[in-house]
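> okay, here's the prediction I keep looking at, along with the sequence it came from:
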Amino acid sequence: MEPRATARSIAVIGAGYVGLVSAVGFAAMGHRVELVETDPGRLAALRRGEVPFTEAGVQDALTAGLRASTIAVLEHASETTAGVVLVCVGTPIDDRGHADTDAVEQVVAELADRAPAPVIVVRSTLPVGTCERLLREGAIGDPSRFFLVPEFLRQGAALEDFRHPTRVVIGGAPDADPAARAVLEELFGAFGARLLSVTLEESELIKNGANAFLALKISFANEIAGLAERAGADAGPVLEGIGLDPRIGRSMLNPSFGFGGSCLPKELATIAISGRERGLDMHVTSAAAEANQAHQRQFAERIAGMLDGVAGRRIALLGLAFKAGTDDIRSSPAVALARWLIEHHAILEAHDPAAGPRAARALPGLIVTSTAEEALDGAEAAIIATEWPDYRDLDWAAAREVMSATVVIDGRRLLDPARMRTLGYTYTRVGSPSGEVARAGR
Ligand code: UGA
């Protein structure tokens, strides 16, 4: 059963994973949705009824919404008529770490003249202070009908997270229209999650802070994992033992060789700048970002150490997406590793069940195979870079027959070490000591 609320007309601007998931999610709840996408490629895909990226469950939900005519696809925000407009456009960071809020500002400007003024709900991630600046600059048509409701969706599980939010944060101006706020409380209250009513600055900072905290939790796990490797301990039980304290919690403590995506690395950069602009050094978040770079370097060096250099080595890289369940390669540690291996003259063949074409476009010279088996054929070593279940379920016994040597280096702790060793592999993973380090430590 989908949560129930008064059926409304909702416009969603931007069909990225936040916008499209919100569109199909609200349509499935019985609302009428106007979905706006300006990118010609994405627009054409949506008009053909196709989801332009990989995200579980979204294709079926889009097909259902289009078939039931609960979703209409439009090209311009100004064409919308809905009373509530969700702004879900991207806010990517530039080379210096500044979030580019132009797309949000453009949409808000396009909506400024609509009469009667819609309730505008920004769902894009904004650095703290952005809304205050927009209000100061007079960019918002009716400030009392302007809200920031941050999203907390994880790629790969976005539809699930949409249906079961951990909390709903509604940020508004002090003089926010109570009727507009009530509409949002009803719309988002239908999920049954705790509602927090806060100011615009507070809601910006809740989003910035939540993502930054998740990022530093992972960096911490990866740092402890690095220490475990060198101390002859296994990071699995170590982090489980740490995470079982409910004040700490077990989630986001799975060691990897680094985190990526369009959100966590960006948030660390954004927070550092927000602090600097206000005369504050953000020590902890800056350290988490530096640690993330260091962990990726350490993994590359570990690979080089195990293979006695990567130059001329035939390596199969399994995984290119920044995490499983998506074809997104933004700030992907797997793609950064591929780049490093190519620069260090490895003979690299890479595979990913979803992100192959994107990675090949982003990294000229990268050979992407259509199956994992092809990449493994003739390889001296395999590296697991993304935790796709496909690689866990791969026929590793058969792979052993076609690989020219049997080194497997697991950057995601995906495979079962005992099974891999029984199959005859020299298997190493992040957070566990390599054989020689374990012996030296005893
Ligand atoms: C993140 C947050 O988790 C969401 O709550 C937030 O809504 C979203 O950003 C956003 O701002 O839109 P997402 O980027 O989809 O979601 O990915 P995560 O699941 O947080 O993973 C981020 C990276 O950390 C991935 O590279 C993942 O593989 C890595 N990771 C995650 C680890 O290395 N270890 C872990 O224990 C968890």
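Sure, I can see it.

> can you get me a residue count around the residue lying closest to residue 402 once chain neighbours are set aside?
Among residues not flanking residue 402 along the chain, residue 377 sits closest, at 4.7 Å (C-beta to C-beta, 6 or more residues apart in numbering). All C-beta spots, glycine's among them, are computed from the backbone N, C-alpha and C. Residue 377 has 17 neighbouring residues, counting by other C-beta atoms under 10 Å.

> ok, residue 377 to residue 313 distance?
Per C-beta to C-beta, to the nearest Å, residue 377 is found 15 Å from residue 313.

> with residue 299 instead?
For residue 299 relative to residue 313 (C-beta to C-beta), the value is 16 Å.

> around the ligand, pick out the residues from the stretch 251-400 of the chain.
252, 253, 254, 256, 259, 260, 261, 263, 264, 322, 323 (C-beta under 6 Å from any ligand atom).

> in three-state terms, label the last one for me.
At residue 323, secondary structure determined by DSSP: H, G, I helix; E, B strand; the rest coil is coil.

> OK, contacts around the nearest residue to it once chain neighbours are set aside?
Counting by C-beta to C-beta, 6+ apart, residue 156 is the residue found nearest to residue 323 once chain neighbours are left out, at 6.1 Å. Counting by C-beta atoms under 8 Å, 6 or more residues apart in numbering, residue 156 makes contact with 55, 56, 323, 324, 325, 326.

> how near is residue 156 to residue 360?
Per C-beta to C-beta, residue 156 is found 21 Å from residue 360.

> and the ligand, is stretch 167-185 touching that?
No - applying C-beta under 6 Å from any ligand atom, one finds stretch 167-185 separated from the ligand by no less than 11.1 Å.

> for that stretch, the averaged confidence score.
On average, the pLDDT along stretch 167-185 is 97.

> contacts for that stretch?
Taking contacts as C-beta under 8 Å, 6+ apart, the residues outside stretch 167-185 that touch it are 8, 83-84, 119, 121, 131, 135, 142-150, 152, 188-189, 191, 193-204, 206-207.

> per-residue confidence for the residue nearest the centre of the chain?
Among the residues of the chain, the one closest to the centroid is residue 261, at 4.2 Å (C-alpha atoms, centre = their mean). Residue 261 carries a pLDDT value of 97.

> next, give phi and psi for the closest residue to it other than its chain neighbours.
In space, and not counting its chain neighbours, residue 261 is closest to residue 322: 4.5 Å by C-beta to C-beta, 6+ apart. Dihedral pair for residue 322: phi -70, psi -20, per degrees, to the nearest 10.

> pretty sure residue 322 sits against residue 336.
No - contact criterion C-beta atoms under 8 Å: residue 322 and residue 336 do not qualify, at 9.9 Å.

> count the neighbours of the residue nearest to residue 261 for me.
Neighbour number of residue 322 under other C-beta under 10 Å is 29.

> OK, contacts around it?
Contacts of residue 322 by C-beta under 8 Å, 6+ apart are 259, 260, 261, 328, 329, 330, 331, 332, 333, 334, 386.

> again, 6 Å this time
Residues in contact with residue 322, defined by C-beta atoms under 6 Å, 6 or more residues apart in numbering, are 260, 261, 328, 332.

> just these now: which is nearest the ligand?
Using C-beta to the nearest ligand atom, residue 261 comes nearest to the ligand of the contacts of residue 322, at 3.4 Å.

> gap between that closest one and residue 279?
From residue 261 across to residue 279, the span is 30 Å (C-beta to C-beta).

> what of residue 328?
For residue 328, the distance to residue 279 equals 35 Å [C-beta to C-beta].

> same check, this time on residue 92
According to C-beta to C-beta, residue 92 and residue 279 sit 26 Å apart.

> please apply the same query to residue 144.
For residue 144, the distance to residue 279 (C-beta to C-beta) stands at 32 Å.

> look at these two and report which has more neighbours.
residue 144 (18 against 6).

> residue 391 touches residue 320, doesn't it?
No - with contacts counted by C-beta atoms under 6 Å, residue 391 stays clear of residue 320, the gap being 11.9 Å.

> which one's more surrounded, those two?
A count of neighbours by other C-beta under 10 Å puts residue 320 above the other of residue 391 and residue 320, at 31 against 24.

> and that one, that's in a helix?
No - with three-state DSSP as the criterion, residue 320 is coil rather than part of a helix.

> what sits against it?
Shown in contact with residue 320 (C-beta under 6 Å, 6+ apart): 329, 334, 335, 350, 352, 355, 359.

> what two of those have the greatest distance between them?
The distance between the two most remote of the contacts of residue 320 (C-beta to C-beta) is 11.1 Å, for 329 and 350.

> the two: which is more packed in?
residue 350 (29 against 26).

> the more buried one and residue 100, how far apart?
Taking C-beta to C-beta, one finds residue 350 at 29 Å from residue 100.

> now the contacts of residue 322: which count as buried?
Buried subset of these (neighbour count, 16 or more other C-beta atoms under 10 Å): 260, 261, 328, 332.

> make CSV out of those residues and add secondary structure and distance to residue 176.
CSV is the format used below for the buried ones among the contacts of residue 322 (DSSP: H, G, I helix; E, B strand; the rest coil; distance: C-beta to C-beta, whole Å):
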residue, secondary structure, distance to residue 176
260, coil, 36
261, coil, 32
328, coil, 34
332, coil, 39
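
> about what we covered before: strands - which of the contacts of residue 320 land there?
Counting by DSSP state E, the contacts of residue 320 place residue 350 in strands.

> can you tell me which of the contacts of residue 320 lies nearest to the ligand?
Of all those, residue 334 has the smallest distance to the ligand: 8.8 Å, by C-beta to the nearest ligand atom.

> quick one: contacts for the residue lying closest to the closest one once chain neighbours are set aside?
Using C-beta to C-beta, 6+ apart and skipping the chain neighbours, the partner closest in space to residue 334 is residue 385 (3.6 Å). Each residue near residue 385 by C-beta under 6 Å, 6+ apart is listed here: 317, 319, 334, 337, 411.

> which parts of the stretch 201-350 of the chain are helices?
Along the stretch 201-350 of the chain, counting by DSSP state H, counting those that start in this stretch, helices occupy 235-243, 264-277, 283-307, 333-343.

> which of the residues in the second one are buried?
If I follow you right, that is helix 264-277. So, applying 16+ other C-beta under 10 Å, buried residues of helix 264-277: 264, 265, 266, 267, 268, 269, 270, 271, 272, 273, 274, 275.

> now do the SS call for whatever residue of the stretch 51-200 of the chain ends up closest to the ligand.
Using C-beta to the nearest ligand atom, the closest approach of the stretch 51-200 of the chain to the ligand is made by residue 155 at 3.5 Å. Following three-state DSSP, the label given to residue 155 is coil.

> surely it touches residue 327?
No - using C-beta under 6 Å, residue 155 makes no contact with residue 327, being 9.6 Å away.

> between these two, which has more neighbouring residues?
Using other C-beta under 10 Å, the more surrounded residue of residue 155 and residue 327 is residue 155, with 26 against 20.
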